[in-house]
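In: next comes the sequence, and after it the predicted model I'd like to discuss.
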Amino acid sequence: MKAGKLSTSVIVILLILVVDQVVKIYIKTHYPVGEVTRLFGMDWARIHFIENSGMAWGWKFGNEAGKVALTLFRLAAVIFGSFLLVKFAKEKYTRGFMICVALIYAGALGNLIDSMFYGMLFDKGLHFDPAFGDYIGYEGIAKFGGHGYASFLHGSVVDMLYFPMVKTHYPSWFPGVGGEPFEFFAPIFNIADAAISTGVIALLVFQKRFYKKVEEPAAITKTEIREEQVS
């Protein structure tokens, strides 16, 4: 059971990583930053290419030093997550629980790859400019090679999924934001972000089912065998 659940987790992780990285690399090498394309002609489902230097959903984490700290934190989380996957498999957690953990792990690893290596792999990208004291974008379409746009640990994360399903305004009587635009779902994210969110939400929704450990059949003792033979 342990090997089977661990194998399933590894397959999930590899699948998410491959899809995440293929989509990111394709978007980055075929779209200029800010490019928007409707998915299947639908207005509420779009490809909107942006890059961010921070956490999931585009949240920032300070300046260049904060960027390095965030990348190192992601690295530590992925290393710790590797031990947790093996530990959970040994403790006989359910397969559903293991898949959720694998989704979270894969998402963290996917964005970690961007942060660690994209600055060295691509010639253009969102990068920190000391003269401005902030991150600045670029023009044109990025490509592999060249000198890279940033050093190790300083790469920016590629985001592209945008689902503005509802666009309206807050009621005029709504405190603080009355009359202002309201959009659901506003954040632009990637496959890795989606994997993390899916894993976390599934753990919360199905926690009673997932947190139950798989019970192994009780071992039959020699005494019980003799009693059965006598009877």
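Out: On my side now, so go ahead. Residues are numbered from 1 along each chain as shown.
In: can you map out the strands along this protein?
Out: For the chain, the strands defined by DSSP state E cover 36-39, 42-52, 127-129, 134-136, 157-162, 166-169, 181-184.
In: include distance to Arg209 when you put those strands into JSON lines, please.
Out: For the C-beta atoms, the positions are set from N, CA and C on the backbone; glycine is no exception. Compiled in JSON lines, the strands of the chain are given as follows (distance: least, C-beta to C-beta, whole Å):
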{"stretch": "strand 36-39", "distance to Arg209": "33"}
{"stretch": "strand 42-52", "distance to Arg209": "31"}
{"stretch": "strand 127-129", "distance to Arg209": "45"}
{"stretch": "strand 134-136", "distance to Arg209": "43"}
{"stretch": "strand 157-162", "distance to Arg209": "29"}
{"stretch": "strand 166-169", "distance to Arg209": "31"}
{"stretch": "strand 181-184", "distance to Arg209": "29"}
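In: any idea which of those is most buried?
Out: Mean neighbour count (mean count of other C-beta atoms under 10 Å) peaks for strand 157-162 among the strands of the chain, with a mean of 24.
In: residues touching Leu161, list them.
Out: Ile47, His48, Ile188, Phe189, Asn190, Ile191, Ala194 (C-beta atoms under 8 Å, 6 or more residues apart in numbering).
In: apply 10 Å and report the result again.
Out: By C-beta atoms under 10 Å, 6 or more residues apart in numbering, the contact list for Leu161 reads 23, 27, 39, 45-48, 185, 187-191, 193-194.
In: how close does Leu15 sit to Ala186?
Out: 28 Å (C-beta to C-beta, to the nearest Å).
In: tell me how many other residues crowd Arg209.
Out: The number of residues packed near Arg209 is 10, by other C-beta atoms under 10 Å.
In: which residues touch it?
Out: Taking C-beta under 10 Å, 6+ apart as the test, what Arg209 contacts is Thr94, Gly96, Phe97.
In: min pLDDT across the contacts of Leu161, which one?
Out: For the contacts of Leu161, the weakest pLDDT value sits at Phe185, with 86.
In: surely that residue touches Asp193?
Out: No: applying C-beta atoms under 10 Å, one finds Phe185 not in contact with Asp193, separated by 11.8 Å.
In: the more surrounded of these two?
Out: Between Phe185 and Asp193, Asp193 has the larger neighbour count (other C-beta under 10 Å), namely 22 against 13.
In: and the pLDDT for the closest residue to Val12 other than its chain neighbours?
Out: Spatially, and ignoring its direct neighbours in sequence, Val12 is nearest to Ala102 (4.1 Å; C-beta to C-beta, 6 or more residues apart in numbering). According to the prediction, Ala102 has pLDDT 96.
In: from Phe184, how far out is Ala102?
Out: Relative to Phe184, and taking C-beta to C-beta, Ala102 is found at 28 Å.
In: residues in contact with the residue nearest to Pro130 when sequence neighbours are not counted?
Out: With sequence-adjacent residues excluded and distances taken as C-beta to C-beta, 6+ apart, Pro130 is closest to Glu64, at 7.9 Å. Applying C-beta under 10 Å, 6+ apart to Glu64 gives the contacts Ser53, His127, Phe128, Asp129, Pro130, Gly133, Asp134, Tyr135, Ala150, Leu153, His154.
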